[in-house]
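The following block contains a protein sequence and its predicted model.
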Amino acid sequence: MKYIPQLDGLRGLAVLSVIFSHWFPASFQGGIAWGVLGVQLFFVLSGFLITSILANARRHGADPASRRWVLKSFYARRFLRIFPLYYAVVLLMALAGIFSVRETLWWHLTYTSNIYFFMAQDWYGPVAHFWSLAVEEQFYWLWPWVILYVPQRYLIGAVSALAVSVPALRLLTAIFMPNVIFVTMLPFAASDALAGGALLALIPAKSRPWNRLVWGTLVLGLSAWWLIRVVQGEHGGALIVACGHLAMVMACIGTVGFVSQAAGTPLGRCLSWAPLVGCGVISYGLYILHPLVPIIWGVAVKRCALPHLWMTSLPWRLAWCGTILLALTTASWFAYEKPLNGLKRFFPYSRAHPPPPEGYGGTSRTRRQKSDRG
């Protein structure tokens, strides 16, 4: 798949919106659920990029042996990208005795944190964001089989049915469950954003159906989101919250589709700004580590007996937390994640492209790594 830098920029905005929602007081956020917005953007981007990769691999190898090869390579590459940092952080948190990580360790190790939070109907501090990682991992286990093995003539229809049925289920659930936000943690109830991103990848870009999908979801989503906020504000009932969530998902689907074709435009150039793209490249580390940094900062303040102003002043706290997070994430990327990502070259999607010899490098390797950031 061709590398699209503005999508990395959009990914950078998504992770920054999540950090903003967690680090800034609610009074700064204008009543917008920035964290939810960032997570839904992540979901749509994952659906779009993963489906693009799998659909392209399917087109170049339709026989059963080729599909088995793609499955093996897909899971190996996902393992190298996702597992090392996640498990390192979970185990370090358990060893440090942070909150209830030890008591809930099995849920996190098995990527079922979302199910645990749903059953508990509660969040758990610095591990609350693990629910979205669990949803994506559950999606990764199922989705390759759908894209590779559902007959081609039924594929778009099946994905469309999923994208439509999930909001209907969520709206129905809202009638019976007041705290509907926890329903969106379940894998099926969170799949409309992933399926919407998949449709963007499966429908030919800039075709009439694709344009209708992009502009329809973008305009309807933003309009409905604005209308719900004006009429009900952020304190509506469960049904209103569910409708607002659907509007946000639709807006994210349209945004990803629009941005994917924005190369060379002013928007594309803005989203291709190097610092923003850099945030997108290390977004996984930023997302996983950002809830831990305020804890590290608080411990450092107490241990070092820093002036009280440094602990209570919002600008100081944000400046130091941002510096610590950037340092930790950059070090993790260059010393830990990137070398492991380099091993993806031994798991090509096509059997026609065997693993490169030892010492392989150069421009083509850089391009190959860039194409795999999804």
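Nice, I can see it. Numbering: from 1, shown residues only.

what's the weakest-modelled helix or strand in this protein?
The weakest-scoring helix or strand in the chain, judged by mean pLDDT, DSSP states H and E, is helix 363-371 (a mean of 41).

Let me know the pLDDT of Val183.
Note on Val183: pLDDT of 84.

Spit out the contact partners of it.
118, 170, 173-174, 177, 189 (C-beta atoms under 8 Å, 6 or more residues apart in numbering). C-beta here means a position set from N, CA and C on the backbone, and glycine is covered the same way.

Ok, Gly38 next?
13-18, 21.

mind redoing it with 7 Å?
Counting by C-beta atoms under 7 Å, 6 or more residues apart in numbering, Gly38 makes contact with 14-15, 17-18.

And those, which is closest to Leu222?
Leu222 lies nearest to Ser17 out of the contacts of Gly38, by C-beta to C-beta, at 15.8 Å.

That closest one sits in which helix or strand?
Counting by DSSP states H and E, the element that carries Ser17 is helix 5-23.

Averaged pLDDT, that helix. What do you get?
Taken as a whole, helix 5-23 has a mean pLDDT of 96.

same for it, what does it pack against?
Counting contacts by 3 or more C-beta pairs under 7 Å, 6 or more residues apart in numbering; DSSP states H and E, helix 5-23 packs against helix 34-59, helix 238-260, helix 266-271, helix 274-281, helix 283-289.

Turn those into JSON lines, columns for mean pLDDT and distance to Gly197.
Converted to JSON lines, the helices and strands packed on helix 5-23 look like this (pLDDT from 0 to 100; distance: least, C-beta to C-beta, whole Å):
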{"stretch": "helix 34-59", "mean pLDDT": "94", "distance to Gly197": "3"}
{"stretch": "helix 238-260", "mean pLDDT": "90", "distance to Gly197": "6"}
{"stretch": "helix 266-271", "mean pLDDT": "96", "distance to Gly197": "17"}
{"stretch": "helix 274-281", "mean pLDDT": "96", "distance to Gly197": "16"}
{"stretch": "helix 283-289", "mean pLDDT": "97", "distance to Gly197": "16"}
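
Now tabulate those helices in JSON lines and tack on distance to Asn211.
Listed next are the helices and strands packed on helix 5-23 as JSON lines, based on distance: least, C-beta to C-beta, whole Å:
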{"stretch": "helix 34-59", "distance to Asn211": "16"}
{"stretch": "helix 238-260", "distance to Asn211": "9"}
{"stretch": "helix 266-271", "distance to Asn211": "17"}
{"stretch": "helix 274-281", "distance to Asn211": "26"}
{"stretch": "helix 283-289", "distance to Asn211": "28"}
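
Can you tell me which of the ones you listed is nearest to Val90?
Of all the helices and strands packed on helix 5-23, helix 283-289 sits nearest to Val90, with 9.2 Å by C-beta to C-beta.

Report the angle between the helix holding Ser17 and helix 274-281.
When axes from the mean of the first three to the mean of the last three C-alpha atoms, to 10 degrees is applied, the directions of helix 5-23 and helix 274-281 differ by 80 degrees.

Please save the CA atoms from helix 5-23 in CSV.
Coordinates of each C-alpha in helix 5-23 appear next as CSV, following Å, rounded to 0.1, in the frame of the first residue of the first chain:
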residue,chain,number,x,y,z
PRO,A,5,1.8,10.9,5.2
GLN,A,6,-1.3,12.9,6.0
LEU,A,7,-2.9,9.8,7.6
ASP,A,8,0.1,9.7,10.0
GLY,A,9,-0.6,13.4,10.7
LEU,A,10,-4.3,12.6,11.3
ARG,A,11,-3.1,9.8,13.6
GLY,A,12,-1.0,12.3,15.4
LEU,A,13,-4.0,14.6,15.9
ALA,A,14,-6.0,11.6,17.2
VAL,A,15,-3.5,10.7,19.9
LEU,A,16,-3.0,14.4,20.9
SER,A,17,-6.8,14.7,21.4
VAL,A,18,-6.8,11.7,23.7
ILE,A,19,-3.9,13.1,25.7
PHE,A,20,-5.7,16.5,25.8
SER,A,21,-8.8,14.8,27.2
HIS,A,22,-6.9,13.1,30.0
TRP,A,23,-4.4,15.8,31.0
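
So for that helix, what gets flagged as buried?
Of the residues in helix 5-23, 5-23 count as buried by neighbour count, 16 or more other C-beta atoms under 10 Å.

got it, and stretch 197-207?
Neighbour counts over stretch 197-207 (16+ other C-beta under 10 Å) mark 197-203 as buried.

go on, stretch 122-137?
By 16+ other C-beta under 10 Å, the buried positions in stretch 122-137 come out as 124, 126-137.

Now tell me which of the residues you listed the prediction trusts least.
By pLDDT, Tyr124 ranks lowest within the buried residues of stretch 122-137, coming in at 79.

Can you report phi and psi for it?
Main-chain torsions, Tyr124, degrees, to the nearest 10: phi -130, psi 70.

That'll do, ta.
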